[in-house]
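Asker: Sharing a sequence plus its predicted fold:
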Amino acid sequence: MKETAFFNDFLRMADDAWHMGWHESNGGNLSYRLRDKEADEIRESFMPGDWHKIGVGVPVLASSFFIMTASGSHFRNMLKDPETSLGIIEVDDTGERYRQVWGYANGGRPTSELAPHLLNHQVKMEATGGVARVIYHAHPSDIIALSFVLPLEDEAFTKELWGIMTECPIVFPSGIGVLKWLPPGSLDLAIATSKLMDRYDAVVWAHHGIFAAGADFDSVFGLVHTIEKSSGILLKVMSTGRDRLSGITSGQFKELAARFDLKLDERFL
Ligand code: 13P
Ligand code: ZN
């Protein structure tokens, strides 16, 4: 296990995210859908446990394997103690149940956000023809802070962030979704998020954090980093209390779209 690329990439992202300050205590969770050949490579080390209900049906993910952080685990400890801090689960052939096949030492279990992770793996897998493999949830301060001062609407967040840093429309051309506060770990949160993730790669969970998806660890880390950095710039600009003397115009967004071949959602221009 410890020699496989996906395992080391997973740990590197978790450790980088810890150093970014996005994971106080046990905040946040991360999962990756294994390729068949990656699961085959480590199958000999599997020790399957009992089957448990997922709570949502994910038939598209039937018989898939995921590496996923453990509930209550600290990103700070991911590198030091991976066997306890994370594990591998298998979804059954109906998509209704899962079992732990590796890790989760000392009686651990997958993240309490198992339902949003799996439901959104399913949504993103369908939306991207199987390209998306990573789902990530973090608690970055500036995104959370913004959710107290901006209207909790996709349009308000997308327009403000696109307009504050040129990289934003390039990194998230379809915009970002926003959800009002819902209880962590709830089915309501999982379902509400999945309704936005077919359109967006990131959804703000108001007063809680962010939920993001992508093809690989680099793209998801980069997406969250871009949203958090631009949220910080926006908060700084707001905090000056001064009027803005300039900004990125609608025409400049169109220029950007032409130059980088972006399909910017018209609603946000
Ligand atoms: P877990 O420790 O169960 O992953 O929960 C952390 C969290 O951020 C819940 O939203
Ligand atoms: Zn959380």
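Answerer: Good, I have the coordinates. Ligands and ions are numbered 1, 2, ... in the order given.

Asker: quick one: the strands in the stretch 51-200 of the chain?
Answerer: Under the criterion DSSP state E, counting those that start in this stretch, the stretch 51-200 of the chain contains strands at 52-53, 65-69, 86-91, 97-103, 134-138, 177-179.

Asker: In a markdown table, list these along with mean neighbour count and mean pLDDT.
Answerer: C-betas here are computed from N, CA, C, even on glycine. Shown next, in a markdown table, are the strands of the stretch 51-200 of the chain (neighbours: other C-beta atoms under 10 Å; pLDDT from 0 to 100):
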| stretch | mean neighbour count | mean pLDDT |
| --- | --- | --- |
| strand 52-53 | 12 | 98 |
| strand 65-69 | 26 | 98 |
| strand 86-91 | 24 | 98 |
| strand 97-103 | 20 | 98 |
| strand 134-138 | 27 | 98 |
| strand 177-179 | 22 | 98 |
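
Asker: Now tabulate these in CSV and tack on distance to K80.
Answerer: Formatted as CSV, those follow (distance: least, C-beta to C-beta, whole Å):
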stretch, distance to K80
strand 52-53, 27
strand 65-69, 14
strand 86-91, 12
strand 97-103, 14
strand 134-138, 20
strand 177-179, 33
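
Asker: thought M47 was touching W102?
Answerer: Yes. If you go by C-beta atoms under 8 Å, M47 and W102 touch, sitting 7.0 Å apart.

Asker: So which bits of stretch 232-248 are buried?
Answerer: For stretch 232-248, a neighbour-count test (16 or more other C-beta atoms under 10 Å) marks G232, L234, L235, M238, I248 as buried.

Asker: Tell me the residues of the stretch 51-200 of the chain that contact ligand 1?
Answerer: With C-beta under 6 Å from any ligand atom as the criterion, the stretch 51-200 of the chain meets ligand 1 at residues T69, S71, G72, T111, S112, E113, H137, P184.

Asker: Report the buried members of these.
Answerer: Among those, the ones that count as buried (16+ other C-beta under 10 Å) are T69, S71, T111, E113, H137.

Asker: residues contacting the first one?
Answerer: For T69, the contacting residues are A14, G28, N29, L30, S31, F75, M78, S85, L86, P110, T111, taking C-beta atoms under 8 Å, 6 or more residues apart in numbering as the criterion.

Asker: now, which of the residues you listed lie within helices?
Answerer: A14, S85 (DSSP state H).

Asker: just the buried members of the contacts of T69?
Answerer: A14, G28, N29, L30, S31, F75, M78, S85, L86, P110, T111.

Asker: what's the neighbour count on F260?
Answerer: Using other C-beta atoms under 10 Å, F260 has 11 neighbouring residues.

Asker: I170 is in contact with that one, correct?
Answerer: Yes. F260 is in contact with I170 according to C-beta under 8 Å; the separation is 5.5 Å.

Asker: bridging residues for V91?
Answerer: Taking DSSP bridges, one obtains Y98 as the residues bridged to V91.

Asker: So it versus ligand 1, what's the distance?
Answerer: Counting by C-beta to the nearest ligand atom, to the nearest Å, the gap from V91 to ligand 1 is 18 Å.

Asker: For that residue, give its distance to K53.
Answerer: Distance of V91 to K53, computed by C-beta to C-beta, to the nearest Å: 12 Å.

Asker: ok, so what distance separates the closest residue in space to F6 that isn't next to it in sequence from ligand 1?
Answerer: Using C-beta to C-beta, 6 or more residues apart in numbering and skipping the chain neighbours, the partner closest in space to F6 is E38 (5.3 Å). Separation of E38 from ligand 1 (C-beta to the nearest ligand atom): 23 Å.

Asker: Nothing else from me, thank you.
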